[in-house]
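> give me a 3D structure for the following:
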Amino acid sequence: MEPLSLPPQAADPAALRANIKDLTLPALGDWLAARGEKPFRARQVFQWLYQHRVASFDTMTSLSKSLRATLAEGFHLGEAEPVARSESADGSVKFAFALADGRQIETVLMPNLTHYTVCVSTQVGCAMGCDFCATAKMGLVRNLSPGEIVQQVVAAARAVQDGKIVRNVVFMGMGEPLHNFDNLKAALEILQSDHGFGLSARRLTVSTSGLVPAIRRYAREGLRANLAVSLNGVDDAVRARLMPVNRRWNIAALLDACREIPSHHRYRITFEYVLMAGLTDALEDAHRLVRLLHGFKCKVNLIPYNAYPGSPYRPPSLEHAQAFQRILLDRGLLATVRISKGQDIQAACGQLARAGRTASVTATTPAG
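Here you go, the predicted structure:
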């Protein structure tokens, strides 16, 4: 885990405390053991943080008053200030949260029939520069800590009012998750803890634009999550135009890295492929995609492009996207057409951006 950094307003004594949500269960256990506490206390604290989702140490009533005071002296709860909430006609909710340094991130809560999925950010901005993505226009501001990542799930779960549960978390918001590998890994461990959210690895999906060394590290360390790889082109010329990462690691290098993920890996690789009219959606491209992915145990997510103001790209028709899909299906590739949720509130894939925003409150924009 990267060292905990202090926000710039550290002259405030309260700001000198660390974010308790930055700690994995073993790390919290070590901190408590150094103060003479029994190992089970860390499990209790985790349950209060992630199962009860408390907003105060005082409400951790199974702990002694002295331990609650000790925790409050050493930590803060990593709360992020909600500064905007936008509601989509499809039931999705986009939140903007202000962090301790005033920077803002966006998080999306998406409804399914029986549960919710949360799309979380891992960075403020993004360094990858993908030409079709609104977040890329921000550039990279900084990484999020493990606690800043996990807090998005806590806040989204608090907003659920219909009795359903948050069952899936996708790391597909602002930023390149594998560019923040150590903090991502810690966040995954916290989310999977039986004493925390208890999410199975099958319910966690990490997206990447194609950072080959990080994919190899993912394979080497056996990161317990599904991997979604943004392909978005079947030749290097097109992919490099859309995704600068391809100029360093081309399609062949990317697929070679993906092959290093052990064949017995329990979690299927998903290749994300954005369909852009006149650029990546030719039916011949579908045939080329079949040839590229031959031999992979994978799924292909076809995503009609989600436009944002000022973007030069446009999606194909749904009928054309389905014709592209049929070619893949007929040749034995599992392929879906993903109609992204929250498009009417700029909450869909590639639409998140908080460029230049500070912690001042912005108006909510309910759909309809």
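> now do the contacts for residue 234.
By Cβ atoms under 8 Å, 6 or more residues apart in numbering, the contact set of residue 234 is 251, 280, 285, 288, 289, 292. For the C-beta atoms, the positions are set from N, CA and C on the backbone; glycine is no exception.
> sec struct for the nearest residue to residue 79 once chain neighbours are set aside, please.
Nearest residue to residue 79, sequence neighbours excluded (Cβ to Cβ, 6 or more residues apart in numbering): residue 55, at 6.4 Å. With DSSP: H, G, I helix; E, B strand; the rest coil as the basis, residue 55 sits in coil.
> same check, this time on residue 37
Classified using three-state DSSP, residue 37 is coil.
> neighbours of it, how many?
By other Cβ atoms under 10 Å, the residues close to residue 37 number 19.
> could you number the chain from 59 rather than 1 from now on?
OK, 59 is where the count begins now, so the last one is residue 95.
> the spatially closest residue to it that is not a sequence neighbour sits in which helix or strand?
With Cβ to Cβ, 6+ apart as the criterion, residue 95 has its nearest non-adjacent residue at 6.7 Å, and that residue is residue 125. Residue 125 is part of helix 123-132 when elements are defined by DSSP states H and E.
> check which residues of that helix are buried.
Using 16 or more other Cβ atoms under 10 Å as the burial criterion, the residues of helix 123-132 that qualify are 125, 126, 128, 129, 130.
> about what we covered before: in helices, which of the contacts of residue 292 fall?
Residues of the contacts of residue 292 located in helices (DSSP state H): 309, 343, 346, 347, 350.
> could the residues you listed go into TSV alongside pLDDT and distance to residue 252?
What follows is these, written out as TSV (pLDDT from 0 to 100; distance: Cβ to Cβ, whole Å):
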residue	pLDDT	distance to residue 252
309	98	39
343	98	44
346	98	44
347	98	39
350	97	39
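> report the two of those residues separated the most.
309 and 343 (12.6 Å; Cβ to Cβ).
> any idea which of the buried residues of helix 123-132 is the one closest to residue 215?
Once Cβ to Cβ is applied, the member of the buried residues of helix 123-132 that ends up nearest residue 215 is residue 129, at 21.3 Å.
> burial of the residue nearest to the closest one when sequence neighbours are not counted, as a residue count?
In this structure, residue 129 finds its nearest non-sequential neighbour in residue 115, 5.0 Å apart by Cβ to Cβ, 6+ apart. Using other Cβ under 10 Å, residue 115 has 21 other residues around it.
> can you check residue 94 too?
Neighbour count of residue 94, defined by other Cβ under 10 Å: 7.
> can you check residue 274 too?
15.
> look at it and give its secondary structure.
helix.
> give me the pLDDT for it.
You'll see residue 274 listed with a pLDDT of 96.
> pretty sure it sits against residue 315.
Yes: here residue 274 reaches residue 315: they are 5.3 Å apart, a contact under Cβ atoms under 8 Å.
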